[in-house]
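Enquirer: just coords:
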Ligand SMILES: CC(=O)[C@@H](O)[C@H](O)C[C@H](N)C(=O)O
Ligand SMILES: O=CC(=O)COP(=O)(O)O
């Protein structure tokens, strides 16, 4: 479902077909956790470090544009909270038109494949891709494998989730990481869409960069990595290291070294 407009806008949220996206929509899910209170400084840091785009809910848009150093902007269109009745039950928070009015270059939508809410979320994602196609605005589907009895790192389940995203017309898909490059290759090969990964809760710098290296070695197209970057004590440095792997094909050690991060942690 790629149009000229969609392709042009995809180029605003990535570089040469690879993506370093920093989602900061966790303020609804988790509250104003570390890195999100002064979100302006975090956005400034990660975009100086090499992030191609940042991602928020529509209400945060006024705090984004002056701080993103000319990089891309994605508006996320559904949400839930960790303190609500069911975190997997993401509900719509905005429309494609609202995202465009907020200055978005793309929209994103989260679907929990395997959850009780999957049927509704398939319908909603399909409606989002149809609406986005009217405006030539790309859709990043956040297609997680999450539900009762579903292993969220199982390559088969992740491959199914990314394929679903392509089948309903997304332009780019984010999913979880299966743990190693070899198993993640099955996920990447399950779709023709560019596949990027979520980071999950923050690990050590080496763990973060090795995960990014694994995705690229598997043929993936980068990251949509939130907490590992925005909760880092130096978001600019870790964004630079991630970008070094995604955009310059650096080894883990070189990415850590060239971004001024310690090699041993
Ligand atoms: C907090 C989480 O478990 C994340 O995986 C979120 O689901 C990702 C998303 N950005 C969100 O906060 O909703
Ligand atoms: O929108 C959320 C994500 O894309 C992933 O966030 P995480 O903190 O890297 O899991």
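Expert: Everything's here; your move. Remember, it's a predicted structure, so these values are computed and weren't measured experimentally. Numbering: from 1, shown residues only. Ligands and ions are numbered 1, 2, ... in the order given.
Enquirer: where along the stretch 1-150 of the chain do the strands fall?
Expert: 19-23, 53-57, 72-76, 78-79, 91-92, 106-113, 139-145 (DSSP state E, counting those that start in this stretch).
Enquirer: I'd like these laid out as CSV, including mean neighbour count and mean pLDDT.
Expert: The way it works is simple: take the backbone N, C-alpha and C, and place the C-beta from them, glycine included. As requested, the strands of the stretch 1-150 of the chain are arranged in CSV below (neighbours: other C-beta atoms under 10 Å; pLDDT from 0 to 100):
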stretch, mean neighbour count, mean pLDDT
strand 19-23, 28, 98
strand 53-57, 25, 99
strand 72-76, 25, 99
strand 78-79, 20, 98
strand 91-92, 13, 98
strand 106-113, 26, 98
strand 139-145, 27, 98
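Enquirer: find the closest residue to ligand 1 in the stretch 1-150 of the chain.
Expert: Closest contact between the stretch 1-150 of the chain and ligand 1, by C-beta to the nearest ligand atom, is at residue 29 (3.3 Å).
Enquirer: surely that residue touches residue 84?
Expert: No: counting by C-beta atoms under 8 Å, residue 29 stays clear of residue 84, with 9.5 Å between them.
Enquirer: show me which of those two is the more surrounded one.
Expert: Between residue 29 and residue 84, counting by other C-beta atoms under 10 Å, residue 29 is the more crowded of the two (17 against 12).
Enquirer: who are the contact partners of the more buried one?
Expert: Residues near residue 29 by C-beta atoms under 8 Å, 6 or more residues apart in numbering: 79-82, 87.
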